[in-house]
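[1] Pasted the sequence and its predicted model underneath.
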Amino acid sequence: MKPLSLYVLISTIDNGIHHVPGVLLPPEDGVFYVVSWQQTTPSQFVAPPQELTGRKDVVISPLEGRGLCRNRNHAIEVAISLQEDALEDAVFIIADDDERIEKDAFKNIRELYSRYPKLDVSLFRMKDIDNGCLLKRYPKTMTSFALCPRYYYPSSVEMTFRSRLSLMGIRFDERFGIGSEKLAAGEEDVFLTDALRHGLQVWICPHVLCSTKAQTTGSRVLDKKVLRSKGAVYGYRLPLIKAFFRSCREALSLAVRNRQSFFLIFRNIWYGVKYIRR
């Protein structure tokens with residue numbers, strides 16, 4: 001029986017291409033790597049590493065400009081074009097150029113999606129690359145994302161999903177994420193919200209997918225664009241009145257914990273709500 005095809009979608013930019021070989025595992029039947037390589041100055045193009053060009057399971061696709069969501073969407077388009085059959089049941093795995101994939105990750109992904117044929121999106125766990133500890137709190141058992149505990153928040157490199165989501169037109173919203181004009185985060189919440197609105201099954205799985213550095217967007221909670229991103233997510237997911245009260249509660253919590261001005265924090269969060277609803 002042919003194994004479930006897996007496509008690891010790696011986003012990188014400029015000299016980050018030299019980090020990508022560290023993401024790859026030994027070649028495996030049915031596993032492919034798509035490297036979407038953003039180049040902010042194409043005139044200064046340098047050749048990619050031999051460790052990438054020398055492998056038949058790796059495809060490198062250049063993309064001019066910036067924007068992490070643009071980069072991820074480009075990787076999705078390339079992966080779709082590589083599928084021999086548009087209706088093939090494959091799984092896409094979101095990855096960054098500085099992570100390390102667990103050696104049993106592909107086996108766990110295949111087993112999970114084979115066991116649950118109606119599963120559309122699965123969020124795995126990630127560890128600290130330095131000490132091996134989980135990077136955040138996770139539910140202890142398989143849990144529906146729609147019913148997940150309030151402490152949990154999704155990260156891009158935890159995400160895997162069936163390729164059929166892409167055929168339904170679900171993509172990363174390019175108004176969100178690093179490199180976008182007004183915002184710096186929130187693309188994962190919006191992607192998963194779109195999946196839920198399509199009636200798809202989104203679950204959090206208790207298996208580790210990868211290891212990465214501890215520094216994440218969450219460590220920059222008072223950054224202006226991160227605060228605006230919070231508001232934009234509220235504005236995207238919630239009715240306006242609920243977005244207002246959620247913004248107030250979040251601003252108050254951040255102000256108390258960080259001894260900062262409630263009004264300054266709220267102003268940035270509310271800016272995001274208004275921006276995305278426009």
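    The structure has been received and is ready for your questions.
[2] So, low pLDDT: which residues of the chain?
    Scanning the chain with the threshold set as pLDDT under 70 gives 1, 86-87, 215-219.
[3] Just the CA coordinates for the top helix by length along it, please, in CSV.
    Under DSSP state H, the helix in the chain containing the largest number of residues is helix 240-258. Once side chains and other backbone atoms are set aside, the C-alpha atoms of helix 240-258 remain, and they are given as CSV (Å, rounded to 0.1, in the frame of the first residue of the first chain):
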residue,chain,number,x,y,z
LEU,A,240,-17.8,43.9,16.9
ILE,A,241,-19.2,44.1,20.5
LYS,A,242,-17.4,40.9,21.5
ALA,A,243,-14.2,42.1,19.9
PHE,A,244,-14.5,45.3,21.9
PHE,A,245,-14.9,43.6,25.3
ARG,A,246,-12.2,41.0,24.4
SER,A,247,-9.8,43.9,23.6
CYS,A,248,-10.6,45.6,26.9
ARG,A,249,-10.0,42.4,28.9
GLU,A,250,-6.7,41.7,27.0
ALA,A,251,-5.5,45.3,27.4
LEU,A,252,-6.2,45.3,31.1
SER,A,253,-4.5,42.0,31.6
LEU,A,254,-1.3,43.1,29.8
ALA,A,255,-1.3,46.5,31.5
VAL,A,256,-1.5,44.9,35.0
ARG,A,257,1.1,42.2,34.3
ASN,A,258,3.6,44.5,32.6
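[4] Who are the packing partners of it?
    helix 224-237, helix 262-277 (3 or more CB pairs under 8 Å, 6 or more residues apart in numbering; DSSP states H and E). C-beta coordinates here come from the backbone N, C-alpha and C atoms, glycine included.
[5] Centre of the chain to the first one, how far?
    When you say that, I think you mean helix 224-237. 16 Å (CA atoms, centre = their mean, to the nearest Å).
[6] got it, and the longest one?
    Centroid displacement of helix 262-277 relative to its chain, using CA atoms, centre = their mean, is 23 Å.
[7] That one: which residues count as buried?
    Neighbour-count burial for helix 262-277 flags I265, F266, R267, N268, I269, W270, Y271, G272, V273, Y275, I276 (criterion: 16 or more other CB atoms under 10 Å).
[8] Okay, buried residues for the longest helix of the chain please.
    A243, F244, R246, S247, E250, A251, L254, A255.
[9] Which stretches in the stretch 1-150 of the chain count as strands?
    If DSSP state E, counting those that start in this stretch is used as the criterion, the strands of the stretch 1-150 of the chain fall at 5-13, 31-39, 58-64, 90-96, 100-101, 121-128, 143-144.
[10] which one of those lies closest to L25?
    Closest approach to L25 among the strands of the stretch 1-150 of the chain (CB to CB): strand 100-101, 5.8 Å.
[11] I'd like to know how far the nearest residue to S144 once chain neighbours are set aside sits from L209.
    Take S144 and drop its neighbours on the chain: the residue closest to it by CB to CB, 6 or more residues apart in numbering is W203, 5.8 Å away. Summarising the geometry, the distance separating W203 from L209, computed by CB to CB, to the nearest Å, is 14 Å.
[12] just checking, what packs against the longest strand seen in the chain?
    Looking only at the chain and at elements set by DSSP state E, the strand with the highest residue count is strand 202-212. Contacts defined by 3+ CB pairs under 8 Å, 6+ apart place strand 202-212 against strand 90-96, strand 100-101, helix 105-115, strand 121-128, strand 143-144, helix 187-197.
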